[in-house]
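Participant: sharing a model that was predicted from the sequence below.
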Amino acid sequence: MTDLAPAALLRAMFDAAIASAQPALRIPAFLPAPPAGRLLVIGAGKASAEMAKAVEDHWPGELSGLVVTRYGYGAPCSRIEIVEAAHPVPDAAGLAAAGRLLDRVQGLTADDLVLCLISGGGSALLPLPLPGLTLEDKQAVSRALLRSGASIGEMNCVRRHLSAIKGGRLAAACHPARVVNLLISDVPGDHPVDIASGPTVGDPTTCADALAIVRRYGLELPPAVLDALQSGRGESVKPGDPRLAGVTTHIVAAPQQALEAAAQVAAAHGIAAHILGDAIEGEARDVGRVMAGIARQVAERGQPFAPPCVLLSGGETTVTVRGQGRGGRNVEFLLEIAVALQGHPRIHALAGDTDGVDGLEEIAGALLAPDSLARAYACGIRAADALADNDGHGFFGALGDAVRTGPTRTNVNDFRAILVR
């Protein structure tokens, strides 16, 4: 077994997961052959600017383009314009950029090629609404969805049917040019339609599906939004639409690859790594409770794996917000583990978002140690109270156990590692 401290080992695995999904590493192998006409590069997402830089660094000929990324996630490009906008709640900068992006693909020919660079976060960064809706409507929808506990697939279904650019509409606007999608997946299952709400792929869901999600979670939305769904005005572009015939899609980086990179780090330090799944969803505290039970069984029974080992998982949990805390689904997951294990002496954990932002905070996640509860009690903080208030960032921040990466410029969803010694 390694002499490396548990926190250092867990952080090394997290860093390896992020490094494995860097656009500079993943993009070059997927670049298409130069077209007979011109190459236009477009895109959106937290990784899109770094993806654009990778294209510029490796493309042999002329190109131009525009991509939209989160504030602070830009990259130095000379031929592709980088625009920064707000995430997760959209702003006027994103609205203007989405309109410009749609304008840029007008008038293309069959000889032209559109290289579309999409990663997680693109939904908020391309908030161009359907005619009759406003940015304020889209912001209200975003806030309601973020607090609802809806899955990422459900959230993006609603977004696709309120957009003038998502749900295949951007690809349809590119016709008759060919479109090559290079996607970095941040969604369970790696479904292209759910990555940034699928602006350049067909959408099999309907307005009726979106309306059912609104009703399921009791979302209070502006009347104009409900009318767009009830009337069917927001219907998206469907698979098989002839305007999508020239679209090719590649997943260039995904959660499974990141988990495998972390497992290699563990193995190099003599620790067996077990990947429990790359697409785990559900309420963060429910997932945390289950994972805590598995970790305890490993520690005390040697089942289903013998210690020392690390349990790895990815996916995207959700949080139904009930408190007034600083949130974060990864830190909520860790808080539940802390409460469930009550300081088990052989179990350590790290959970974080590979984009460097857990919830609304510029904090990737946190570390949990056997003494975390005791240190919190010494500070007058109870984990159960923090959990009830959705205040994971407040809890781990007070302990000095927050994990900060800064902008990672990639995004392959959540990373969770539980080390059982």
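Facilitator: Structure received.
Participant: gap between V403 and H191?
Facilitator: Relative to H191, V403 is positioned 28 Å away (Cβ to Cβ, to the nearest Å). The way it works is simple: take the backbone N, C-alpha and C, and place the C-beta from them, glycine included.
Participant: ok, now N330?
Facilitator: The value you get for N330 to H191, if Cβ to Cβ is used, is 22 Å.
Participant: picking that back up, quick one, which of V403 and H191 is more surrounded?
Facilitator: When V403 and H191 are compared on other Cβ atoms under 10 Å, the one with more neighbours turns out to be V403, at 24 against 17.
Participant: ok, the more buried one touching D353?
Facilitator: No: counting by Cβ atoms under 8 Å, V403 sits too far from D353 to count as a contact (9.7 Å).
Participant: looks to me like E316 is in a strand.
Facilitator: Yes: E316: assigned to a strand according to DSSP: H, G, I helix; E, B strand; the rest coil.
Participant: who's in contact with it?
Facilitator: Contacts were defined as Cβ atoms under 8 Å, 6 or more residues apart in numbering; by that measure E316 touches 151-152, 186-188, 281, 329, 413-414.
Participant: one more time with 7 Å, if that's ok
Facilitator: 152, 187-188, 281, 413-414 (Cβ atoms under 7 Å, 6 or more residues apart in numbering).
Participant: check V252 too.
Facilitator: V252 sits in contact with 26-27, 30, 182-184, where contact means Cβ under 7 Å, 6+ apart.
Participant: put the alpha carbons of the top strand by length along the chain into PDB.
Facilitator: Taking DSSP state E as the criterion, the chain has its longest strand at strand 272-283. Below are the C-alpha coordinates for strand 272-283, written out as PDB (Å, rounded to 0.1, in the frame of the first residue of the first chain):
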ATOM      1  CA  ALA A 272      -7.100  -1.600  -6.200                       C
ATOM      2  CA  ALA A 273      -9.700   0.600  -7.900                       C
ATOM      3  CA  HIS A 274     -13.200  -0.400  -8.700                       C
ATOM      4  CA  ILE A 275     -15.400   1.700 -11.000                       C
ATOM      5  CA  LEU A 276     -19.000   1.400  -9.800                       C
ATOM      6  CA  GLY A 277     -20.500   3.400 -12.700                       C
ATOM      7  CA  ASP A 278     -20.000   6.400 -14.800                       C
ATOM      8  CA  ALA A 279     -23.700   7.400 -15.100                       C
ATOM      9  CA  ILE A 280     -25.000   7.400 -11.500                       C
ATOM     10  CA  GLU A 281     -27.900   9.700 -10.900                       C
ATOM     11  CA  GLY A 282     -30.300  10.500  -8.100                       C
ATOM     12  CA  GLU A 283     -30.500  12.800  -5.100                       C
END
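Participant: so how far is it from its chain's centroid?
Facilitator: Distance of strand 272-283 from its chain centroid, counting by Cα atoms, centre = their mean, to the nearest Å, is 15 Å.
Participant: show residues contacting that strand.
Facilitator: Strand 272-283 has contacts (Cβ under 7 Å, 6+ apart) with 149, 151, 188-189, 255-256, 259, 263, 266-267, 287, 305, 309-318, 320.
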